[in-house]
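Visitor: could you work out the structure for the sequence below:
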Amino acid sequence: MKANALVMSRSQASVRLLVAAFAELGIEYRIALSGAEAIDILATEHHSALVVDFDLPQAAQVAKAGRSILGKHRPVMFGMMGDSTCIADVFQAGANFVLYKPLDLLQVLHSFRAAQGFMPSDRRNSSRQKSETLAYLRLATGTVPALVQDFTEQGISIQAAEPLVPMRGVELRFLLPRTTQVVHATGDFIWADEEGRAGLFFNHMPSACRRDLQAWLKKYRSRGSDSVRALLEPKKPRRMLAAAVAH
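Guide: Below you'll find the model as predicted:
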C-alpha cells in the first residue's frame, strides 16, 4: 500500500515543492486550505503523514486533531515553519519533524525518507473499522465541523478548528463509528476553551437516535466507560465559560 499525506497550507510555493517530493517518493497526497477542511478530512480518511503549516492561525488545532487519532492510524506529523514561528511551539504541538520555509527539496526528501518507516500505509482498499468521526454543529455563523473526541449517552466532547462561542440549544449531528447511523440531537455547552475544544450535554434527542446510541455504546464500549467524566474539561486549568452559557 502506498503512503499518503494530508497537507494543510495556503503557500503555493510550499505545496509545489511538496508535490514534487511526493512524486519522487511515490506518496499520494491531498491539500486542505483551512483548519476546518483539514479536520473534516482527518475524521473521514486515514493518512500516513500530516503536514501542517504553522504560519496559519488554526495550525495548533489541526495538530491536536492529528494527535488525537488512535494507535497505528495516527499520522507522522511534519510542521512547516517560517522565521516568525517558534520551533518549541511546533514540537509541543506534536510535530515529529520540522520543515523550514522556504522549503528545500533535499531537506523535504531527507525528512520524509527518515519518516517512512513510521508511516502507516494507506488502507482505503482494505477493510477497516474507524473510531474517528465528525460532528456538525449548527451555530449562528453557520454549520461547523468538529472532530469527535468522545461521546457518551449524556453528551459529546469535540475538537474544532477554532474556538467555539458557548450557547444553549445547539443542533448537532454525528455518525456512529463503524455504522451508517446518524445521531441528531441538541445540546448545551458545559465548557469550551481557546483551542477549539468543548464539551456539550445533550438536552434533547429523538427516541430512535437514543436507541441507536444506547445500542452502539452497549456493543462497543466496555462497562463503566460511559462516564460523564469523559465530557468534562481536561485537568489542565483553562478558561471556563460557564457564565457565558448561563446567558
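Visitor: list the contacts of Val76.
Guide: Residues near Val76 by C-beta atoms under 8 Å, 6 or more residues apart in numbering: Ser48, Ala49, Leu50, Asn96, Phe97, Ala115, Phe118, Met119. From N, CA and C alone the C-beta is placed, and that goes for glycine too.
Visitor: which one of those residues sits closest to Tyr29?
Guide: When those are ranked by distance to Tyr29 (C-beta to C-beta), Ala49 comes first, at 8.7 Å.
Visitor: OK, contacts around the closest one?
Guide: Ala3, Asn4, Ala5, Leu6, Ile27, Pro75, Val76, Met77, Phe78, Phe112, Ala115, Met119.
Visitor: next, the buried residues of the helix or strand hosting Ala115.
Guide: Taking DSSP states H and E as the definition, one finds Ala115 inside helix 105-115. Under the neighbour-count criterion of 16 or more other C-beta atoms under 10 Å, helix 105-115 has Val108, Ser111, Phe112, Ala115 buried.
Visitor: surely Phe189 touches Leu164?
Guide: Yes. Between Phe189 and Leu164 there is a contact at 7.3 Å, judged by C-beta atoms under 8 Å.
Visitor: intersection of neighbour lists for the two?
Guide: Residues touching both Phe189 and Leu164 by C-beta under 8 Å, 6+ apart: Ala198.
Visitor: now the residue sitting nearest the centre point of the chain: which helix or strand?
Guide: When C-alpha atoms, centre = their mean is applied to the chain, the residue found nearest the centroid is Ala65 (2.8 Å). Using DSSP H and E, the element containing Ala65 is helix 59-67.
Visitor: in its sheet, what does the helix or strand following that helix sit against?
Guide: Reading on from helix 59-67 to the C-terminus, the next helix or strand found by DSSP H and E is strand 76-81. Strand 76-81 pairs in its sheet with strand 49-53 (parallel), strand 97-100 (parallel), by DSSP bridges.
Visitor: ok, now which ones touch Gly26?
Guide: Contacts of Gly26 by C-beta under 8 Å, 6+ apart are Lys2, Ala3.
Visitor: state the distance from it to Phe189.
Guide: 45 Å (C-beta to C-beta, to the nearest Å).
Visitor: domain map for the chain?
Guide: Following automatic domain parsing, the chain resolves into domains at 4-118, 134-246.
Visitor: any weak-confidence spans in this protein?
Guide: Where the chain drops to pLDDT under 70, the residues are 1, 70-71, 120-132, 222-230, 233-247.
Visitor: strands along that one, start to end?
Guide: Assigned by DSSP state E, the chain shows strands spanning 4-8, 28-32, 49-53, 76-81, 97-100, 134-139, 142-151, 155-160, 170-175, 182-192, 197-204.
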